[in-house]
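*Asks:* dropping a prediction and its sequence here:
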Amino acid sequence: MNDAHRNAPSQRPCAPSRRLRTTALLLLAGAMIGINVSAAHADGSGGRQHGSRCHRRPHVPGMVVTESRQDFDDTWAALIGALDDNPSITVVATVDHAAAAAGAGLDLEPNRVVVFGNPALGTPIMEVGRTAGLDLPQKILVWEDRQRVFVGYNSVDYLAARHDVGDADTLETIAGALSGLAATATGDERNCESRWRHDRVLRRVARRPGVVTVASDADFDTTWSRLLAAIEGSPASVAFTVDHGANAAGVLEPTRLVVFGNPNLGTPLMQRSPTAGIDLPIKILVWEDANGVTQVSTTDVRFLKRRHRLQHVRESLDAIDGAIDNFVTAATSTT
């Protein structure tokens, strides 16, 4: 050992100081924990803070999701009541996915979607981009997942990104209406949406919108008749149709939507991811473009798979994809 080390002062006298600092830090940490717990109970959340609720809710590209403070039946009743009380809104249809599943001998937690609209707000969007008719009228989904109830809807930003209709001047009005309806249904006006995350997701949706369009070799009425006949001659059944063209009072060229499904194929998707109910039943849009050519548009099943993270349901997805392909082919071509 050299002289420098031999003459160095002992480090032992400093040890009590380190112990004091450690004790102080532990006391401070304990105090902070006590503060956080007290605050959680003081706001009535029982320790379940707003941040954790936002973190734990489902994240689906383009969907605004809010957790309800009420049970499923009360949430649904509040939503339908709010829609019925608004004279500017027409309820087009309601779809009880769980009841349809039960009719097919399958189990599904409560899951319902209500379809509603106001042509004065929806028509300007389709004037900018007709395929927006695939996602119109508006839809709100209410579902239960492990004793938690959620309300979700497609954001207008999603609609704009997917169909390139950002110039439509009614989007902001629709956004406010959807937000208000969700707040009424859930009893919660808080918005958990991360703007950065939302914008990043929408850029991906704009790049890969998942809309497939095929030109028909026939006129509009013939194409529509072929499509309905193909669906009705299959295991699928028509849930409802929407005549966007008629609702627009002549502003749009002929545009109609058919909504159809088969619980044996759709239920496994919702069992895997309840949010898939917002995109079910399946939709096909028939529309006439500015050149008088009839087009048939639908959603690519691979888009739904990505959007709702539908893993391990390949058999159902393949069957749905095959059915859609058969229906579109029957509608657009005689060969």
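*Replies:* Cool, the structure landed.
*Asks:* give me the mean pLDDT for stretch 317-324.
*Replies:* Computed over stretch 317-324, the mean pLDDT rounds to 98.
*Asks:* over to stretch 220-236?
*Replies:* Averaging the model's pLDDT scores along stretch 220-236 yields 98.
*Asks:* for it, buried residues please.
*Replies:* 220, 223, 224, 226, 227, 228, 230, 231, 236 (16 or more other Cβ atoms under 10 Å). Backbone N, C-alpha and C define where each C-beta goes, glycine included.
*Asks:* how near is residue 300 to residue 73?
*Replies:* The span separating residue 300 from residue 73 equals 35 Å under the rule Cβ to Cβ, to the nearest Å.
*Asks:* more neighbours: which of the two?
*Replies:* Counting neighbours by other Cβ atoms under 10 Å for residue 300 and for residue 73 shows that residue 300 has the greater number, 15 against 12.
*Asks:* residues near the spatially closest residue to the more buried one that is not a sequence neighbour, how many?
*Replies:* Excluding the flanking residues, the one nearest residue 300 by Cβ to Cβ, 6 or more residues apart in numbering is residue 210, at 4.3 Å. By other Cβ under 10 Å, the residues close to residue 210 number 18.
*Asks:* contact partners of stretch 154-168?
*Replies:* Applying Cβ atoms under 8 Å, 6 or more residues apart in numbering, the set of residues contacting stretch 154-168 from outside is 61-64, 124-129, 131-132, 134-136, 138-139, 171-172, 174-175, 178, 198, 202-203, 205-206, 209-211, 278.
*Asks:* before we move on, what about stretch 105-115?
*Replies:* Contacts to stretch 105-115, defined as Cβ under 8 Å, 6+ apart, come from residues 72, 76, 79-80, 83, 91-98, 101-102, 137-145, 240, 259, 263-264, 267-268, 270-271, 274, 277-278, 280.
*Asks:* take those and keep only those in helices.
*Replies:* 72, 76, 79-80, 83, 97-98, 101-102, 263-264, 267-268, 270-271 (DSSP state H).
*Asks:* among these, which one lies nearest to residue 186?
*Replies:* Here the nearest of those to residue 186, counting by Cβ to Cβ, is residue 79; it sits at 8.7 Å.
*Asks:* now do the same contact list for that closest one.
*Replies:* 114, 140, 142, 151, 181, 184, 185.
*Asks:* 10 Å instead, please
*Replies:* Remark: with contacts taken as Cβ atoms under 10 Å, 6 or more residues apart in numbering, residue 79 is in contact with 68, 112, 114, 116, 140, 142, 151, 181, 182, 184, 185, 186.
*Asks:* tell me the two of the residues you listed that are most distant?
*Replies:* By the measure Cβ to Cβ, 68 and 116 form the most distant pair in the contacts of residue 79, at 18.5 Å.
*Asks:* hmm, back to that, now go through the buried residues of stretch 220-236 and say which are in helices.
*Replies:* Checked against DSSP H, these include these in helices: 220, 223, 224, 226, 227, 228, 230, 231.
*Asks:* distance to residue 331 for those - can I get that in JSON lines?
*Replies:* Conversion of these to JSON lines gives the following (distance: Cβ to Cβ, whole Å):
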{"residue": "220", "distance to residue 331": "11"}
{"residue": "223", "distance to residue 331": "5"}
{"residue": "224", "distance to residue 331": "8"}
{"residue": "226", "distance to residue 331": "5"}
{"residue": "227", "distance to residue 331": "4"}
{"residue": "228", "distance to residue 331": "9"}
{"residue": "230", "distance to residue 331": "6"}
{"residue": "231", "distance to residue 331": "9"}
